[in-house]
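Trainee: Need coordinates for the following:
(one chain, ligands or ions: 2)
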Amino acid sequence: MTFSKKRKLILAIETSCDETSVAIVEDEEQILSNVVASQIKSHQRFGGIVPEVASRHHVEQITICIDEALTKANITPTDLSAVAVTYGPGLVGALLIGLSAAKVFAWAHNLPLIPVNHLAGHIYAAKAASKLIFPLLALVVSGGHTELIYMKNNGEYQIIGETRDDAVGEAYDKVGRAMGLNYPSGKEIDEMAHQGKDTFHFPRAMLKDDNFDFSFSGLKSAFVNTVHNAKQREEKLDPLDLAASFQAAVVEVLVAKTLRAAKVMDVKMLIIAGGVAANKGLRKAFRKSVAYDLTSIKLVIPPLNLCGDNAAMIGMVAFAEAMQGYFAKWDLNANSSLAFPKM
Ligand code: KG4
Ligand code: ZN
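Mentor: Ligands and ions are numbered 1, 2, ... in the order given. I've put the predicted structure just below:
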């Protein structure tokens, strides 16, 4: 596709998990609107995302979000140049709602369709903070993923390390559950961690291993066992110290392995992205370590409102995809396990 219109405007749709989001992005990174309808309250009583409930919410919200995104950006469908949509990875039923809406909208308004990988979206959220410089390394930390992705250029993604079991966000949510916190508990644990001390010294798995992979299930089990054993002995543990100890273990491993990977891969930029990149302890630790140890690398962390799932990040990737002529056919399907190639 070439953008035939004077204004380069993309309508982007994201429905891979529990947020229905529609954004209008102009000229690569200007976000004119970014509507995010969260369903978290509906899932909280189940302690996690219920896929069927998520799909139903997306159906109810998607057209409302499209209208709101257009209105807030003060544009009409005829002003648009293309429609972008997340087609994976994620919950298949949830993805299909966004994909169907995107296809119908694009077809009805005679616009090309740009397929976007959700994790690429998390990485390109960094464009709201800085121009991307290649080669770069991105640490994507979310509820479903923990991956180190090397990018030689725009649109070229290679996994150089990933979790062998739980994702970081998943571990946060599971230990939160053991402490009786509401789902998702990452933000609350982060706040508690700042008021406590690392007194439990939980394990730092794979810290010194000669690879860039991670493992968080041992840490999660150590945490849950500590809490359960104390309960059986009717001992009271300080929840703030528990939170601080858990976060210290997570942050130490993520920072150490990511910095080592950045050095080995000799990158110019390091991006920390995904829902867990909103973690204050993690942001601070990366800023401090990069300033101290890796001054030749530019560290970029997206603004807080673009760390969690949103459609603006999908729109930002779409410009890069379009420049490379990467468009979808009308038979584009959702791919719940869509993955980048491994190096
Ligand atoms: O990227 P995201 O919004 O959705 C997925 O694609 O998974 O990430 C959601 C995850 C949840 O597990 C949530 O607990 C976690 O991000 N999270 C945090 C923080 N804010 C959200 N984890 C740690 N610290 C935070 N401040
Ligand atoms: Zn996400």
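
Trainee: ok, now which ones touch the closest residue to Asp213 other than its chain neighbours?
Mentor: In this structure, Asp213 finds its nearest non-sequential neighbour in Gly161, 5.0 Å apart by C-beta to C-beta, 6 or more residues apart in numbering. (Each C-beta comes from the backbone N, C-alpha and C, glycine too.) Gly161 sits next to 147-148, 211-214, 257, 261 when contact means C-beta atoms under 8 Å, 6 or more residues apart in numbering.

Trainee: I'd like the next helix or strand past the helix or strand bottoming out on mean pLDDT in the chain.
Mentor: The helix or strand with the lowest mean pLDDT-type score in the chain, counting by mean pLDDT, DSSP states H and E, is helix 40-44 (a mean of 86). Stepping forward along the backbone from helix 40-44, the first helix or strand reached (DSSP states H and E) is helix 51-73.

Trainee: helix or strand right after that following helix?
Mentor: For helix 51-73, the following helix or strand on the C-terminal side (DSSP H and E) is strand 82-88.

Trainee: what angle do that next one and helix 51-73 make?
Mentor: Here the directions of strand 82-88 and helix 51-73 differ by 160 degrees (axes from the mean of the first three to the mean of the last three C-alpha atoms, to 10 degrees).

Trainee: Most neighbours out of the contacts of Gly161, which is it?
Mentor: For those, neighbours were counted using other C-beta atoms under 10 Å, and Phe214 has the most, 28 neighbours in all.

Trainee: Check what pLDDT it gets.
Mentor: Turning to Phe214, the model gives it a pLDDT of 98.

Trainee: Glu235 versus that one, what's the distance?
Mentor: Between Phe214 and Glu235 the computed distance is 31 Å (C-beta to C-beta, to the nearest Å).

Trainee: just Arg45 next, same as before
Mentor: 29 Å.

Trainee: where do the strands sit along the stretch 101-250 of the chain?
Mentor: 113-117, 136-141, 146-151, 158-162 (DSSP state E, counting those that start in this stretch).

Trainee: most neighbours per residue, which of the ones you listed?
Mentor: Per-stretch averages of neighbours, counted by mean count of other C-beta atoms under 10 Å, single out strand 136-141 among the strands of the stretch 101-250 of the chain, with a mean of 28.

Trainee: what lines up beside that one in the sheet?
Mentor: Strands flanking strand 136-141 in the sheet, each with its direction: strand 146-151 (antiparallel), strand 269-273 (parallel) (DSSP bridges).

Trainee: can you redo these as a markdown table with distance to Val50 and mean pLDDT?
Mentor: What follows is the strands paired with strand 136-141, written out as a markdown table (distance: least, C-beta to C-beta, whole Å; pLDDT from 0 to 100):
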| stretch | distance to Val50 | mean pLDDT |
| --- | --- | --- |
| strand 146-151 | 23 | 98 |
| strand 269-273 | 26 | 98 |
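
Trainee: I'd like to know which of the ones you listed is closest to ligand 2.
Mentor: strand 269-273 (8.9 Å; C-beta to the ion).

Trainee: what's the next helix or strand after the closest one in contact with?
Mentor: The helix or strand immediately downstream of strand 269-273 is helix 280-293, counting by DSSP H and E. The set of residues that contact helix 280-293 without belonging to it, under C-beta under 8 Å, 6+ apart, is 141, 190, 193-194, 247-248, 250-251, 254-255, 258-259, 270, 272, 276-277, 297, 299, 301.

Trainee: Low-confidence bits of this protein, can you list those?
Mentor: In the prediction, the chain carries residues with pLDDT under 70 at positions 1-5.

Trainee: Next to ligand 2, which bits of it? Give me the list.
Mentor: Among all residues of the chain, those adjacent to ligand 2 (criterion: C-beta under 5 Å from the ion) are 142, 309.

Trainee: List the contacts of the most centrally placed residue in the chain.
Mentor: For the chain, the residue nearest the mean C-alpha position is Gly274 (2.6 Å; C-alpha atoms, centre = their mean). For Gly274, the residues meeting the contact criterion (C-beta under 8 Å, 6+ apart) are 119, 122, 140-142, 145, 169, 307.

Trainee: Quick check: end-to-end length of stretch 304-321?
Mentor: Across its full length, stretch 304-321 reaches 24 Å between end residues, using C-alpha to C-alpha, to the nearest Å.

Trainee: residue contacts, Ile49?
Mentor: When contacts are taken as C-beta under 8 Å, 6+ apart, Ile49 is in contact with 17-18, 43, 91.

Trainee: of these, closest to Val25?
Mentor: Proximity of the contacts of Ile49 to Val25, judged by C-beta to C-beta, is greatest for Cys17, which lies at 20.2 Å.

Trainee: Where does the stretch 101-250 of the chain get nearest to ligand 1, which residue?
Mentor: Of the stretch 101-250 of the chain, the residue with the smallest distance to ligand 1, taken as C-beta to the nearest ligand atom, is Gly186 at 2.2 Å.
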